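**Student:** structure for the following, please:
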Amino acid sequence: MSDAIVIGGGPNGLVAANLLVDQGWEVVLVEANDEVGGAVRSDSDVADGFIHDTFSSFYPLAAASPTIQALELHKWGLEWSDAPAPFGNPMTDGGWAIVHDDPLRTAAELDAEAPGDGDSWLALYEDWRKIQRGMVGLLLDPFPPIRSGSSLALHLLGRQGLERIRLLASSVRSLGEQHFRGDAGRMLFATNAQHADITPESAGSGLMGWLLVMLGQQFGYPVPKGGAGRLAHALADRFRAQGGTIVCGQRVTGIEVSGGRATGVRTASGEYYGARRAVLADVSAPALYGELLPVAAVPRRVRRAMEKFEWDPGTVKVDWALDGPIPWQEKPSASPGTVHIARSVDALSMTAAQIAAGLVPTEPFLLMGQMTTADPTRSPAGTEAAWAYTHVPQRVRGDDEFTGRWDADEAERFADRMQAQVERAAPGFEQRIIRRRILAPPDLERRDANLVGGAVNGGTSALHQQLVFRPIPGLARAETPVKGLYLASASAHPGGGVHGACGSNAARAAILHAKLPWR
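**Tutor:** Now for the predicted structure:
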């Protein structure tokens, strides 16, 4: 019997476990896989000497997250590494749109393409710096974010405040057209907005693009030196050093509830782990309410609402071991770690429309990583460890070429389609491939059960399933209808991304409620 059981060793589960053990709690973390990390892992399976991140790779949200920073993971061996430039887009008509580590250099290149765009960039960045602290708090704090919300509200008063509100409510297409004359500035915002499953025309997409672009300008797009798994290992090592226990290879199949309170968990092997104070679940909301809890413990209104829970699109990821750097048609002024490949904002809209219609994109938007560029330890000198991922429908329907089974044949053919996108921007790319690995939606889900159908954000990021609507209307906090049980995954507010906020919010709620006599 321990004070708390944490189900799942992804970044949110590990953050939650660390915060609980810091309070002197006896904590056991139970992980289904043979190692912790969830969607923050790396391996050398693609080719000898090459380290590839299995899922996520770049962590601007971790760099900005007060929760992650407060854990002081450098004391447990975590080192961050940065590419010469955080991110960039090869442009269809030649040249690049690049965010440099110096905002003045970013502005100068934008101004060279379209006079005046540099001033627009600097104005947006200056405004971001004024509200950055409150904005990050607003996004990552428990809902409602009273402290950070009050701080931000002071910046949303008056004429300038109304302009800020307008920006936050805009679509990313509108944001780009309002602030930039040239395509480069518009594409930087539009492609970053596609890290979430929001179309360029949707309200809220402007906020997403603006947030990630400004975080990249301020903090970069850092990667853990030696592989994404180093971040997970640092979290695990810190937890163990504080007295926590990690049990791997044990899949939790049920949560015990007694007297309306979570009292422990059972695993597939028949093991029971009791909890005196709390159970925190770093699992998807549908898994928590539809699989782990007894039917009688879930209120009917919650069961009905969960039937409408919406996943984000699936993902196909391809890893490449290359015998040399990517041969971009035009060499960028500084090599970006993250590369976005799309012809135009219109092309992004077409891709989003195809996915919404159940069609596999004909020209998929690629989010690409040049990992050796960002961290030279990832592959032998003179080579490149690279990857790209793109989104596909959760349910394919009406497509003439793909059924959505994602068997070996479909995965290979779609990987070829993705590869052709890179080849268009970098002629000769295919000749540099030593080996590739394809992770289709079923592969991603097998490696991490939270990535249902290849969904990487724990549920759609569209406004109808954010804030007070995440994961369902009225459950915007980590608390659940079962006392002592807390949702600590990306299905909870604020959603996907390696920021630790979902785990932090769950841990803080558990700690608070443990002090209340009526809980």
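**Student:** so what's Gly10 up against?
**Tutor:** With contact taken as CB atoms under 8 Å, 6 or more residues apart in numbering, Gly10 is in contact with Val36, Gly37, Gly38, Ala39, Val40, Asp282, Asp448, Asn450, Ser489. (Each C-beta comes from the backbone N, C-alpha and C, glycine too.)
**Student:** from those, pick the one nearest Gln250.
**Tutor:** Sorting the contacts of Gly10 by distance to Gln250 puts Val36 at the head of the list, at 12.0 Å, by CB to CB.
**Student:** helix, strand or coil for His340?
**Tutor:** Under DSSP: H, G, I helix; E, B strand; the rest coil, the three-state class of His340 is strand.
**Student:** chain neighbours aside, what residue packs nearest to it?
**Tutor:** In this structure, His340 finds its nearest non-sequential neighbour in Thr191, 3.5 Å apart by CB to CB, 6 or more residues apart in numbering.
**Student:** just Gly404 next, same as before
**Tutor:** With CB to CB, 6+ apart as the criterion, Gly404 has its nearest non-adjacent residue at 3.0 Å, and that residue is Val396.
**Student:** now the helices for the stretch 101-250 of the chain?
**Tutor:** Counting by DSSP state H, counting those that start in this stretch, the stretch 101-250 of the chain forms helices over residues 103-113, 117-140, 146-153, 158-169, 172-179, 183-193, 205-219, 229-241, given from the N-terminal end onward.
**Student:** just those: most buried one?
**Tutor:** By mean neighbour count, with neighbours taken as mean count of other CB atoms under 10 Å, helix 183-193 ranks first of the helices of the stretch 101-250 of the chain at a mean of 26.
**Student:** helix or strand: which one has Pro325?
**Tutor:** Mapping Pro325 onto the secondary structure by DSSP states H and E places it in no helix or strand at all.
**Student:** which residues touch it?
**Tutor:** Counting by CB under 8 Å, 6+ apart, the residues that Pro325 touches are Ser335, Gln370, Thr373, Glu384.
**Student:** distance of the first one relative to Ile68?
**Tutor:** Using CB to CB, to the nearest Å, Ser335 is found at 26 Å from Ile68.
**Student:** just want to know which of these two has more residues nearby.
**Tutor:** Per other CB atoms under 10 Å, whichever of Ser335 and Ile68 has more neighbours is Ile68, with 24 against 20.
**Student:** model confidence score at the more buried one, please.
**Tutor:** Looking at Ile68, its pLDDT stands at 95.
**Student:** my guess is it meets His74, correct?
**Tutor:** No. Using CB atoms under 8 Å, Ile68 is not in contact with His74, being 11.2 Å away.
**Student:** strands of the stretch 351-500 of the chain, residue ranges please.
**Tutor:** If you assign secondary structure with DSSP state E, counting those that start in this stretch, the strands in the stretch 351-500 of the chain sit at 366-370, 384-392, 433-439, 485-487.
**Student:** and the ones you listed: which comes nearest Leu29?
**Tutor:** The minimum distance between Leu29 and these falls on strand 485-487, with 13.9 Å, by CB to CB.
**Student:** which SSE is immediately downstream of the closest one?
**Tutor:** Heading C-terminal from strand 485-487, the first helix or strand you meet, by DSSP H and E, is helix 501-514.
**Student:** mind giving me the packing neighbours of that next one?
**Tutor:** Other elements packing on helix 501-514 under the criterion 3 or more CB pairs under 8 Å, 6 or more residues apart in numbering; DSSP states H and E are helix 11-22, helix 117-140, strand 272-281, strand 485-487.
**Student:** need these in JSON lines with distance to Thr403, can you?
**Tutor:** What follows is these, written out as JSON lines (distance: least, CB to CB, whole Å):
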{"stretch": "helix 11-22", "distance to Thr403": "33"}
{"stretch": "helix 117-140", "distance to Thr403": "38"}
{"stretch": "strand 272-281", "distance to Thr403": "33"}
{"stretch": "strand 485-487", "distance to Thr403": "34"}
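**Student:** adding distance to Pro494 and mean pLDDT, write those out as CSV.
**Tutor:** As requested, the helices and strands packed on helix 501-514 are exported to CSV (distance: least, CB to CB, whole Å; pLDDT from 0 to 100):
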stretch, distance to Pro494, mean pLDDT
helix 11-22, 11, 98
helix 117-140, 5, 87
strand 272-281, 17, 98
strand 485-487, 13, 97
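**Student:** out of those, which gets nearest to Pro427?
**Tutor:** Proximity of the helices and strands packed on helix 501-514 to Pro427 was assessed by CB to CB; the nearest stretch is helix 117-140, lying at 28.5 Å.
**Student:** how big is the angle separating that closest one from helix 501-514?
**Tutor:** 30 degrees (axes from the mean of the first three to the mean of the last three CA atoms, to 10 degrees).
**Student:** name the helices or strands packed onto helix 117-140?
**Tutor:** Secondary structure elements in contact with helix 117-140, counted by 3+ CB pairs under 8 Å, 6+ apart, are helix 66-70, helix 103-113, helix 146-153, helix 158-169, helix 183-193, helix 205-219, helix 501-514.
**Student:** now render the ones you listed as CSV, adding distance to Pro473.
**Tutor:** As requested, the helices and strands packed on helix 117-140 are arranged in CSV below (distance: least, CB to CB, whole Å):
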stretch, distance to Pro473
helix 66-70, 26
helix 103-113, 40
helix 146-153, 20
helix 158-169, 21
helix 183-193, 25
helix 205-219, 21
helix 501-514, 18
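**Student:** worst average pLDDT in the ones you listed?
**Tutor:** Between the helices and strands packed on helix 117-140, the one with the least mean pLDDT is helix 146-153; it has a mean of 52.
**Student:** what's near enough to touch the residue nearest to Cys248 when sequence neighbours are not counted?
**Tutor:** Nearest-residue entry for Cys248: Glu31, 4.8 Å, with adjacent residues in sequence omitted and distances by CB to CB, 6+ apart. For Glu31, the contact set (CB under 8 Å, 6+ apart) comprises Gly8, Gly9, Gly13, Ile246, Val247, Cys248, Gly249, Gln250.
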